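Undergrad: Need a 3D model of the following:
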Amino acid sequence: MPHEPRPIVQAAPGARILIIGQAPGTRVQASGRPFTDPSGDRLRDWMGVDEAVFYDAGRIAIAPMGFCFPGLDAAGADLPPRKECAPLWQKKLLDQLGDVRLTLLVGLHAQRFHLGSQVRKTMTDTVREAEAFGPDYLPLPHPSWRNSAWLRKNPWFEAKILPMLRCRIKELLQ
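TA: Residues are numbered from 1 along each chain as shown. Sure thing, here's the model as predicted:
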């Protein structure tokens with residue numbers, strides 16, 4: 001790795017919701033807290049929770065597919081999660097979180113790893129058919145600004161998936 005590994009994970013045994021993202025970006029690497037960037041703002045809005053709830057490890061666990069910032073490509077964009085991280089660490093973490101009732105699979109990497117052969121042909125198809133993976137999993141697109149065009153092109157996400165997400169989150173946080 002081009003830098004010292006710094007795993008960015010939030011977890012406690014009582015968490016009922018688990019967010020599995022891609023990999024920490026540069027801002028998250030600097031802060032040491034998951035989703036401390038505009039993607040986190042959008043994700044919290046999607047979930048209908050504030051920062052206090054989001055960063056309460058006893059309620060919401062957060063574990064990216066690649067636990068550490070993977071570095072930047074030649075164009076200065078974040079690299080994808082390193083392939084060796086998820087097989088090495090995901091199960092070990094999940095085994096420690098026995099109360100998880102809902103896992104948000106944020107982005108294609110998380111969906112492919114955790115849904116395996118159930119993942120649909122495209123990320124759009126997987127998210128559109130989110131109900132098929134419930135109540136344990138809910139696939140979501142990545143909340144990055146890079147997906148703003150995807151969100152505009154797929155208004156069903158806001159109309160159908162977000163109310164389902166918020167309802168399930170509210171139910172589990174009571």
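
Undergrad: Who are the contact partners of the residue nearest to Asp73 when sequence neighbours are not counted?
TA: The shortest distance from Asp73 to any non-neighbouring residue, by C-beta to C-beta, 6 or more residues apart in numbering, is to Leu79 (5.5 Å). (Each C-beta comes from the backbone N, C-alpha and C, glycine too.) Contact analysis of Leu79 by C-beta atoms under 8 Å, 6 or more residues apart in numbering lists Ala23, Pro70, Gly71, Leu72, Asp73.

Undergrad: Now do the second one against Gly32, distance only.
TA: Right, Pro70. 16 Å (C-beta to C-beta, to the nearest Å).

Undergrad: what's Trp89 in contact with, if anything?
TA: By C-beta under 8 Å, 6+ apart, the contact set of Trp89 is Ala63, Phe67.

Undergrad: tell me which helix or strand of the protein sits lowest on mean pLDDT?
TA: helix 26-31 (a mean of 84; mean pLDDT, DSSP states H and E).

Undergrad: Name the residues of that helix that come out as buried.
TA: Neighbour-count burial for helix 26-31, counted by 16 or more other C-beta atoms under 10 Å, picks out Val28, Gln29.

Undergrad: And the helix or strand just after it, what does it pack against?
TA: Later in the chain than helix 26-31, the nearest helix or strand by DSSP states H and E is helix 38-47. If contacts are counted by 3 or more C-beta pairs under 8 Å, 6 or more residues apart in numbering; DSSP states H and E, helix 38-47 sits against helix 51-54, helix 162-173.
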